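**Student:** compute the structure for the input listed below.
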Amino acid sequence: MKNIYKIMILAILFVACDKDDTDTISNSAKLEFVTSLNPVDEEGQSYNVANNVIQGMASFEDGWFVAQTSGNSVLLLNYLNAYGESLFRKRIYVDSHGQDLSVEVISENELYLYTTIGAFGENRNTGILKLKVTLSSLNNNQRDWSSTIIIVENQYDLNYSNSTPTLSEDKSQFAIRSANTIYVHNKTNVESLNFNPQYNFQLHPEQLSDNGNYSMFFQGIAMKDNNVFCLAGNEKIGTHKNIFVYNQNGLVTDKFTFDRNDLSQNFYDKFEPEALTFKNDELYFSIMTKSEVTTGNIKYLYKINL
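**Tutor:** Below is the predicted model of the structure:
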């Protein structure tokens, strides 16, 4: 009998010790509406990219840089204030889908933005676009955004399919989605053109489909404290959306699932998550929807209190 008890105790200890090597799931997140987002296009253009979805978003000071595209031929950047109003917009004619956006502050008047470069399709020819942003000096905590200059600083051809990059919160690594794989690179290595990843892992099958009924498109990525956060979901009004959290071993340590009933706004005809980013310890993402009375996409900003 003592041997049986010993076996039972060993089995319990084995399960407890092995827990860190398996996927663990929780759904303990509170979603909070922040504001509507209203990027605009440059004046006098023949088509309005601002009616498209927001593909990338990055926090800066009290507002947000957001990225959009049309046909991968135009990258439209806006800087929005805390109320979602555009203070600055700039078209850059590069082959970029604008999928996800990261910011690296260099000084009070200079920063870098990172997003994707290359044709956003199944061809493995995409990488990271690095943009240099020069800002006016702060004057009474305000900037003259009309004097902002943005130029292409560099392009890193990582030969990935549908490259979706993010710069980690400590600015030391890039986490990049390629098809259904996440690759993590040392930032210094990428800048020296060494494109060998530190490690990689596959996305969890549950993040790729809604119980096998609908594809759950990859919509956003963020990285903090060596954890990679991945947003997925389609535009269908009745399907759930999700955020999976992966550790360095590619194991799921958290999973946040939500649908339109979990959010405070009304959604009509479309319910599509896009872009994922951190601001301090809070995780932000946007939702695209339609209106019965206006054209184009309505863009809402939400945050998750982890």
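
**Student:** what residue ranges in the stretch 201-306 of the chain score low on pLDDT?
**Tutor:** Within the stretch 201-306 of the chain, the segments meeting pLDDT under 70 span 211-213, 294.

**Student:** now the helices for it?
**Tutor:** 205-208 (DSSP state H, counting those that start in this stretch).

**Student:** kindly report the same for the stretch 51-200 of the chain.
**Tutor:** Counting by DSSP H, counting those that start in this stretch, the helices of the stretch 51-200 of the chain are 187-191.

**Student:** quick one: the strands in it?
**Tutor:** 56-60, 63-70, 74-80, 86-92, 102-107, 110-117, 124-134, 149-161, 164-167, 173-178, 181-186, 199-202 (DSSP state E, counting those that start in this stretch).

**Student:** report the rounded mean pLDDT for the fifth one.
**Tutor:** In this case it means strand 102-107. The average of the pLDDT scores along strand 102-107 is 97.

**Student:** list the contacts of that strand.
**Tutor:** With C-beta atoms under 8 Å, 6 or more residues apart in numbering as the contact definition, strand 102-107 has outside contacts at 58-60, 65, 111-115, 165-167, 171, 277. Backbone N, C-alpha and C define where each C-beta goes, glycine included.

**Student:** what do you get for the third one?
**Tutor:** Contacting residues not belonging to strand 74-80 are listed as 37-42, 49-50, 60, 63-70, 86-94, 96, 98, 113, 115, 129, 131, 145, 148, 150 [C-beta under 8 Å, 6+ apart].

**Student:** 7 Å - rerun?
**Tutor:** Around strand 74-80, the neighbours that count as contacts under C-beta atoms under 7 Å, 6 or more residues apart in numbering are 37, 39-41, 49-50, 63-69, 86-94, 96, 98, 145, 150.

**Student:** among those residues, the buried ones, what's the PyMOL command?
**Tutor:** Provided next is the PyMOL selection string for whichever of these are buried by 16 or more other C-beta atoms under 10 Å:
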select buried, resi 37+39+41+49+50+63+64+65+66+67+68+69+86+88+89+92+94+96+98+150
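
**Student:** residue 178 contacts residue 161, doesn't it?
**Tutor:** Yes - Residue 178 is in contact with residue 161 according to C-beta atoms under 7 Å; the separation is 5.1 Å.

**Student:** thinking again about what came up before, most tightly surrounded among the strands of the stretch 51-200 of the chain?
**Tutor:** strand 164-167 (a mean of 28; mean count of other C-beta atoms under 10 Å).

**Student:** which other helices and strands contact it?
**Tutor:** Where contact means 3 or more C-beta pairs under 7 Å, 6 or more residues apart in numbering; DSSP states H and E, strand 164-167 is packed against strand 102-107, strand 110-117, strand 173-178, strand 218-224.

**Student:** would you mind giving those strands as TSV with distance to residue 141 added?
**Tutor:** Listed next are the helices and strands packed on strand 164-167 as TSV, based on distance: least, C-beta to C-beta, whole Å:
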stretch	distance to residue 141
strand 102-107	16
strand 110-117	17
strand 173-178	32
strand 218-224	27
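
**Student:** for residue 299, name its beta-bridge partners.
**Tutor:** Residue 299 has these beta-bridge partners by DSSP bridges: residue 37, residue 288.

**Student:** for residue 274, that is, sorry about that
**Tutor:** With DSSP bridges as the criterion, residue 274 is bridged to residue 286.

**Student:** how much space separates it from residue 192?
**Tutor:** To residue 192, residue 274 is 32 Å away according to C-beta to C-beta, to the nearest Å.

**Student:** for residue 69, same thing?
**Tutor:** 29 Å.

**Student:** just residue 98 next, same as before
**Tutor:** From residue 98 to residue 192 the distance is 26 Å (C-beta to C-beta).

**Student:** same deal with residue 283?
**Tutor:** Counting by C-beta to C-beta, the separation of residue 283 from residue 192 is 31 Å.

**Student:** so between those two, which is more surrounded?
**Tutor:** Each of residue 283 and residue 192 has its neighbours counted (other C-beta atoms under 10 Å); residue 283 has more, 23 against 9.

**Student:** my guess is that one contacts residue 301. True?
**Tutor:** No - here residue 283 lies out of contact with residue 301, judged by C-beta under 7 Å, at a distance of 11.7 Å.

**Student:** from residue 282, how far off is the nearest residue to residue 30 once chain neighbours are set aside?
**Tutor:** Of all residues not flanking residue 30 in the chain, residue 305 sits nearest, at 4.9 Å (C-beta to C-beta, 6 or more residues apart in numbering). The spacing between residue 305 and residue 282, counted by C-beta to C-beta, is 6 Å.
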